[in-house]
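> Okay, here's the prediction I keep looking at, along with the sequence it came from:
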Amino acid sequence: MKFSIIGSGYVGTTVAACFAELGHRVVNVDIDDDIVRALNEGRCPIHEPGLAELVERHAGDGLRATTDYDEILDTEATFLALPTPSNDDGSIDLGAMKAAATSLGETLARKDGSHLVVTKSTVVPTTTVDVIGPRIEEASGKRVGEGFDIAMNPEFLREGTAVDDFLGPDKIVLGAQTERAYETLDEIFAPLVDRAGNPPVVKTGISEAEMIKYANNAFLASKISLANDLANICKEFGVDSDEVLETIGLDSRIGSAFLGAGLGWGGSCFPKDTAAIIAAARGRGYEPRLLQAAVDVNDGQPERMLDLLRERIDLDGTRVAVLGLAFKPGTDDIRKSRATLLINSLIDAGADVVGYDPVATENMRERFPDIEYADSAADALAGADAALVATDWDEFAALDDEFDAMRSPVVIDGRRIVTRRDGIDYESLV
Ligand SMILES: NC(=O)c1ccc[n+]([C@@H]2O[C@H](COP(=O)([O-])OP(=O)(O)OC[C@H]3O[C@@H](n4cnc5c(N)ncnc54)[C@H](O)[C@@H]3O)[C@@H](O)[C@H]2O)c1
Ligand SMILES: O=c1ccn([C@@H]2O[C@H](COP(=O)(O)OP(=O)(O)O[C@H]3O[C@H](CO)[C@@H](O)[C@H](O)[C@H]3O)[C@@H](O)[C@H]2O)c(=O)[nH]1
């Protein structure tokens with residue numbers, strides 16, 4: 001089938017390239033000329049393992065990109081994969097979604113025959129029905145359920161493993177309100193269901209699909225925060241939190257995934273999505289106390305790490321190496337990374353910061369142009385008074401003699417990745 005995707009970032013590009021791989025013809029619509037040019041030249045605009053190969057293979061054939069909304073006219077369906085960032089109060093900012101819905105509506109006004117509009121972005125419950133549908137109705141002069149249908153298909157891929165996650169999903173969630181919409185979605189997803197070995201396909205309502213995405217992320221973020229809360233208690237008693245968490249993970253009702261304790265969760269999704277659903281719940285008069293506590297525990301972890309450092313050294317004028325700048329290993333994305341919080345506090349305290357990351361240095365340099373950046377962990381450690389390990393890159397586990405070059409070998413490990421050795425003043429955050 002030929003369909004379009006508005007927004008060609010992490011999600012839009014991954015989904016488009018994967019659907020092209022599955023045999024569909026996909027048109028990516030984006031307002032960013034550079035992204036469109038890159039895709040049409042077969043270059044991948046983002047760093048994501050396996051994606052560049054797919055983009056190169058399908059560009060100009062199954063995968064096309066454009067800034068022209070008119071190219072949507074000869075497609076049967078359109079996914080909205082636009083950013084849904086936070087407003088200052090944490091609530092969801094639907095600006096890009098609304099702008100795209102209006103542009104799409106103006107385009108659909110000129111289309112003969114029906115069209116399916118699928119929200120792929122993470123949006124709070126009722127957004128597709130109450131905001132997206134009416135905007136398209138207004139701009140197109142057509143009615144939902146008549147001239148076009150609406151649907152919601154949340155995305156669960158993770159950055160760093162986006163292609164594998166998309167092509168091998170645990171579940172596919174299809175929210176719709178007409179048979180016609182479900183039929184089109186079935187046709188789009190059939191090759192994926194086939195390739196992925198028939199994962200559960202959950203057919204549900206549109207607002208349920210929207211809420212499933214938040215519930216999924218809220219549960220995972222809270223699971224990590226509970227692991228951190230328990231690990232903090234373990235530390236007070238001198239108990240090994242790894243042993244405790246690994247063992248409770250053996251209970252099949254708990255499971256071992258997302259019990260990794262340490263500095264907590266960052267990235268472009270968990271922080272903004274927990275904030276958005278908390279704000280939305282408050283807007284309806286419900287106070288989500290457990291979810292707020294998960295956020296509070298997460299916010300407290302970087303400060304606990306800095307307290308451990310302050311117990312050992314005076315930060316003013318001290319050279320501190322921050323190892324790991326990305327929000328997690330395997331990506332160059334620094335959005336809401338724990339390292340950004342640490343660096344902010346270190347700068348405020350008068351420390352000289354030297355950062356190192358295998359791939360995220362250039363992104364961090366844009367955020368903090370005035371700190372120093374090293375080309376290797378060894379260079380960052382040389383002459384440092386202390387080191388903070390913020391991301392669990394594998395290469396940090398192999399560090400050994402490199403610590404000997406530190407001026408004073410204070411190492412606070414936020415991810416339990418560094419191997420303890422003689423000669424360093426090592427402390428794990430949890
Ligand atoms: N990044 C992830 O891992 C992930 C995973 C699951 C769900 N999500 C959700 O998917 C959505 C998209 O996230 P993302 O990370 O891909 O965002 P992104 O910022 O990487 O990409 C968004 C793209 O939309 C384009 N855009 C903005 N306004 C536009 C308009 N009016 N018309 C056309 N294009 C426009 C931007 O130029 C950009 O290329 C968000 O709701 C996010 O919460 C993200
Ligand atoms: O045991 C763990 C696992 C993760 N993290 C941290 O949690 C954050 C998020 O990690 P991860 O979930 O792997 O990355 P994302 O790419 O942000 O993916 C999440 O957010 C996406 C956007 O909504 C969803 O699609 C995914 O399903 C969901 O896992 C990172 O800072 C990790 O360091 C931990 O601290 N401990």
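Received, thanks. Ligands and ions are numbered 1, 2, ... in the order given.
> mind listing what the residue in the stretch 101-250 of the chain that ligand 1 sits nearest to touches?
For the stretch 101-250 of the chain and ligand 1, the shortest gap (CB to the nearest ligand atom) falls at Ser121, measuring 3.3 Å. Every residue, glycine included, has its C-beta placed from N, CA and C. Shown in contact with Ser121 (CB atoms under 8 Å, 6 or more residues apart in numbering): 7, 11, 80-84, 97.
> The residue in the chain positioned nearest to ligand 1: neighbour count?
Using CB to the nearest ligand atom, the closest approach of the chain to ligand 1 is made by Gly9 at 1.8 Å. Gly9 has 16 neighbouring residues, counting by other CB atoms under 10 Å.
> again with Asp34
9.
> pLDDT weak spots in the stretch 1-150 of the chain?
Across the stretch 1-150 of the chain, nothing is flagged by pLDDT under 70.
> Would you tell me which residues of the stretch 151-300 of the chain are close to ligand 2?
Selection of the stretch 151-300 of the chain residues close to ligand 2 by CB under 6 Å from any ligand atom yields 155-159, 217, 220, 224, 258-260, 262, 264-267, 269-270, 273.
> picking up where we left off before, show only the entries of the contacts of Ser121 found in strands.
Leu80 (DSSP state E).
> so which pair among the contacts of Ser121 is furthest apart in space?
With CB to CB as the measure, no two of those lie farther apart than Val11 and Met97, at 13.1 Å.
> ok, and the residue of the stretch 101-250 of the chain closest to ligand 1, which helix or strand is that part of?
Secondary structure assignment for Ser121, by DSSP states H and E: no helix or strand.
> For it, grab phi and psi.
Backbone geometry at Ser121, expressed as degrees, to the nearest 10, gives phi -60, psi 160.
> Against Ile254, how distant is it?
31 Å (CB to CB, to the nearest Å).
> Over to Ala374?
39 Å.
> Sticking with Gly175, tell me its helix or strand.
strand 172-176.
> Quick check: which helices or strands does that strand pack against?
strand 148-152, helix 179-195, strand 201-204, helix 206-237 (3 or more CB pairs under 8 Å, 6 or more residues apart in numbering; DSSP states H and E).
> tell me what the first one is packed against?
When you say that, I think you mean strand 148-152. Strand 148-152 packs on strand 115-119, helix 133-140, strand 172-176, helix 179-195, helix 206-237, going by 3+ CB pairs under 8 Å, 6+ apart.
> does any bit of that strand sit next to ligand 1?
No - using CB under 6 Å from any ligand atom, strand 148-152 stays clear of ligand 1, coming no nearer than 11.6 Å.
> Would you indicate which residues of the helix or strand that that strand is followed by are buried?
Where DSSP H and E defines the elements, the next helix or strand beyond strand 148-152 is helix 162-167. Buried positions in helix 162-167, judged by neighbour count with 16 or more other CB atoms under 10 Å: 162-163, 165-167.
> could you dump these to CSV with pLDDT?
Below are the buried residues of helix 162-167 laid out as CSV (pLDDT from 0 to 100):
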residue, pLDDT
Ala162, 96
Val163, 97
Asp165, 98
Phe166, 98
Leu167, 98
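> For ligand 2, what's the nearest residue on the stretch 301-430 of the chain?
For the stretch 301-430 of the chain, CB to the nearest ligand atom, closest residue to ligand 2: Lys328, 3.8 Å.
> Quick one: residues contacting that residue.
Contacts of Lys328 (CB under 8 Å, 6+ apart): 159-160, 266-267, 391-392.
> Look up how far Asn216 lies from it.
In terms of CB to CB, Lys328 sits 17 Å off from Asn216.
> With Leu245 instead?
For Leu245, the distance to Asn216 - CB to CB - is 21 Å.
> about what we covered before: gap between the residue of the stretch 101-250 of the chain closest to ligand 1 and Val15?
11 Å.
> what does Ala378 give?
Counting by CB to CB, the gap from Ala378 to Val15 is 39 Å.
> again with Gly113
With CB to CB as the criterion, Gly113 and Val15 are 24 Å apart.
> next one: Ala275
Distance from Ala275 to Val15, by CB to CB: 24 Å.
> more crowded one of those two?
When neighbours are counted by other CB under 10 Å, Ala275 and Val15 differ, and Val15 comes out ahead with 23 against 19.
> Contacts only, for the more buried one.
Contacts for Val15 were tallied using CB under 8 Å, 6+ apart; they are 5, 79, 81, 120, 155, 166.
> Kindly recompute the last result at 7 Å.
Residues in contact with Val15, defined by CB atoms under 7 Å, 6 or more residues apart in numbering, are 5, 79, 81, 120, 166.
> swap in Asn87?
Applying CB under 7 Å, 6+ apart, the residues near Asn87 are Asp93.
> Check the spacing between it and Ala276 real quick.
Asn87 is 9 Å from Ala276, by CB to CB.
> ok, now Ala293?
17 Å.
> More neighbours: these two, which one.
A side-by-side neighbour count of Ala293 and Ala276, using other CB under 10 Å, places Ala276 first with 23 against 14.
> Regarding that one, which helix or strand does it belong to?
Going by DSSP H and E, Ala276 is part of helix 270-283.
> With Ala38 instead?
helix 33-40.
> neighbouring contacts of that helix?
8, 28, 30, 45, 55, 59-60, 63-67.
> which parts of that helix are buried?
In helix 33-40, counting by 16+ other CB under 10 Å, buried: 35-36, 38-40.
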